[in-house]
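**Q** Coordinates for the following, if possible.
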Amino acid sequence: MNPLDFLDLAEKLEFSTSEAEMRTAISRAYYAVYNYIKADLVGVDEYLQHDILINCIIETKIERFEYLGKDIRDLMAARRRADYKLGVSFSSKTCETIINKSKNVIREFDECKKFGLIEEARNYLKKFGYIKFL
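**A** You can find the predicted model right below:
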């Protein structure tokens with residue numbers, strides 16, 4: 001499965017009047033980002049803790065990559081709110097904002113790859129024993 005299929009589903013649910021569907025859209029948008037990035041870092045079928053994925057990008061100490069990592073962390077926080085904070089209401093505008101941010105993060109990730117993000121992130125993962133080789 002292509003991780004971007006999650007983003008396609010999120011877009012289909014984006015303007016739903018069902019709060020459950022809006023929450024699902026937010027969650028799927030985040031998982032599109034997580035799985036898209038994880039595939040390049042450790043492989044499609046490997047698991048990488050969400051916080052570790054974010055930290056390996058932020059801790060490169062390269063400003064552009066750090067901003068990307070913080071954006072991913074914001075998306076993860078939105079996903080957690082959507083999945084677990086049932087007392088918090090969500091609107092289609094919130095949903096639209098998260099989906100657009102997810103698209104931007106994927107575009108920025110692809111740009112950052114051109115500047116060595118994958119190598120730097122893998123170095124972090126190797127340094128702390130999250131991966132042995134790649």
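**Q** Tell me the helices and strands packed up against the lowest-mean-pLDDT helix or strand in the chain.
**A** One helix or strand of the chain scores below all others by mean pLDDT, DSSP states H and E: helix 117-127, with a mean of 94. Using 3 or more C-beta pairs under 8 Å, 6 or more residues apart in numbering; DSSP states H and E as the contact criterion, the elements in contact with helix 117-127 are helix 19-41, helix 50-58, helix 63-84. Heads up, the C-betas are built off the backbone N, CA and C, glycines and all.
**Q** That one versus helix 19-41: what angle between them?
**A** Put simply, helix 117-127 runs at 80 degrees to helix 19-41, going by axes from the mean of the first three to the mean of the last three C-alpha atoms, to 10 degrees.
**Q** Outside of helix 117-127 itself, list whatever touches it.
**A** 40-42, 48, 52, 55-57, 59-60, 62, 65, 68, 109, 131-134 (C-beta atoms under 8 Å, 6 or more residues apart in numbering).
**Q** looking at the helices and strands packed on helix 117-127, which is buried most?
**A** Mean neighbour counts were compared across the helices and strands packed on helix 117-127 using mean count of other C-beta atoms under 10 Å; the top stretch is helix 19-41, at a mean of 22.
**Q** average pLDDT for it?
**A** Averaging pLDDT along helix 19-41 yields 97.
**Q** Provide the angle between the direction of it and the direction of helix 50-58.
**A** 50 degrees.
**Q** so how far is helix 19-41 from its chain's centroid?
**A** Chain-centre distance of helix 19-41: 6 Å, with C-alpha atoms, centre = their mean, to the nearest Å.
**Q** Which strands or helices does it pack on?
**A** Short answer (3+ C-beta pairs under 8 Å, 6+ apart): helix 19-41 packs on helix 4-13, helix 50-58, helix 63-84, helix 92-113, helix 117-127.
**Q** how about this protein, which residue sits the furthest from its center?
**A** With distances taken as C-alpha atoms, centre = their mean, the residue sitting farthest from the centre of the chain turns out to be residue 17, at 24.5 Å.
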